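Student: pasting the sequence and the predicted coordinates here, then a few questions.
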Amino acid sequence: GGRPHQPPNDGLGQAPAQASYIKGFHEIYVLRCTKCTTVTFPRCEKHSSLLTRASKDEDAAQCHRCREVRRAGGSPCEHCKDTGCVSAEWWMLSDEEAGYLHAAFPAGQRSIDHILLQCGVCMSVNFPGTEQSLVLNRAGQMTSLSGRVMQEQDYRAVTKHVTGACGNLPLTKVPVRLSAEECGHVARLVASTPEAEQPPDDDTPAPPPRYVNAPHGLFPAPLMAASAGAGAVIMHMRLVGRLVGKALLDQRYLDLPLSPAFLKRIIGQHLCFHDLATVDPHLFKTLCKLKGAAR
């Protein structure tokens, strides 16, 4: 066989391995009416479980034990009774959000118009609330029971994501109509629903990560001047430099987490051995041990 394909060196180094899904998350099947926004959570009462993903069919779900498949479409909306308006969605629901959804549901109400917040990357959902109650959807605004209008950015820091790479990303506002009965079912069944981090049944390798996770900041990978593709890497670095310069001129914040060591080099300062601690702390500790042993 031929040699394995090596991806081109983009000058930013290889992304660290991504963590698996966080424990306590469930990828659940949700039906939402596109007209009245009523949400239902299909479930298998026989095995006390919410439905999860079924094979490769995006519009189908199944019980993880009896394997009974359910697809969206055909059935009318339980609230407006209209047909052809019920669509299937996938939510990443945490145990905490499921419990809060039930506990913070307004007392004495059978159903409410709500606005949930969802991450467009990992599909995690947050049911925003304040004053010990879920917010209400009033004219498209997240409003507390006392009439205070809440903003989407107020909930970014408290939203729990499947991966840490999604922290502080803008969240999508999704209008939903929730019933106390359905929320009660979710709180009751979520603990016995399979977690999203469970490995697939086959040996299909996981797809490569889409995003670089650099907890200590971005630092360019070493690159020889004569390396193949060096010219393209230099063009990319020039583009980044122009982008940073434009942001400085316009006094705009740029979400570009550069390594402190790289920033020192950019402004002309020399790097020393101890700067390695800000790039690769594990390698720095190992070299310190070797240095100490050599004395």
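Tutor: Yep, it's here.

Student: for the longest helix seen in the chain, the distance to its chain's centre please.
Tutor: Looking across the chain with DSSP state H, the single longest helix is helix 230-249. A distance of 28 Å separates the centroid of the chain from that of helix 230-249, by CA atoms, centre = their mean, to the nearest Å.

Student: state the next helix or strand along the chain beyond that helix.
Tutor: Note on helix 230-249: by DSSP states H and E, the next helix or strand toward the C-terminus is helix 260-266.

Student: which residues are in contact with that following helix?
Tutor: Here helix 260-266 makes contact (CB atoms under 8 Å, 6 or more residues apart in numbering) with 217-220, 258, 270-271, 275-276, 278-279. The way it works is simple: take the backbone N, C-alpha and C, and place the C-beta from them, glycine included.

Student: same thing but at 7 Å, please
Tutor: Contacts with helix 260-266, where a contact means CB atoms under 7 Å, 6 or more residues apart in numbering, come from 217-220, 271, 275, 278-279.

Student: buried ones only from those residues, please, as a ChimeraX command.
Tutor: Here is the ChimeraX command that selects the buried residues among the contacts of helix 260-266 (16 or more other CB atoms under 10 Å):
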select :218,219,220,275,278,279
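
Student: adding pLDDT and distance to residue 98, write the contacts of helix 260-266 out as JSON lines.
Tutor: What follows is these, written out as JSON lines (pLDDT from 0 to 100; distance: CB to CB, whole Å):
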{"residue": "217", "pLDDT": "82", "distance to residue 98": "35"}
{"residue": "218", "pLDDT": "84", "distance to residue 98": "36"}
{"residue": "219", "pLDDT": "83", "distance to residue 98": "40"}
{"residue": "220", "pLDDT": "83", "distance to residue 98": "43"}
{"residue": "271", "pLDDT": "89", "distance to residue 98": "49"}
{"residue": "275", "pLDDT": "88", "distance to residue 98": "45"}
{"residue": "278", "pLDDT": "85", "distance to residue 98": "39"}
{"residue": "279", "pLDDT": "84", "distance to residue 98": "40"}
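
Student: and which of the contacts of helix 260-266 is nearest to residue 133?
Tutor: residue 217 (40.6 Å; CB to CB).

Student: how about that closest one, what does it touch?
Tutor: Residue 217 touches 257-260, 262, counting by CB under 7 Å, 6+ apart.

Student: let's see 10 Å
Tutor: By CB atoms under 10 Å, 6 or more residues apart in numbering, the residues touching residue 217 are 256-263, 278-279.

Student: measure it to residue 84 for me?
Tutor: For residue 217, the distance to residue 84 (CB to CB, to the nearest Å) stands at 50 Å.

Student: mind listing the helices for the stretch 51-200 of the chain?
Tutor: Using DSSP state H, counting those that start in this stretch, the helices of the stretch 51-200 of the chain run over 95-103, 180-189.

Student: the last one: which residues count as buried?
Tutor: Of all the residues in helix 180-189, those buried under the rule 16+ other CB under 10 Å are 182-183, 185-187, 189.

Student: between those, which sits nearest residue 120?
Tutor: Looking at these and their distance to residue 120, the nearest is residue 186, at 21.9 Å (CB to CB).
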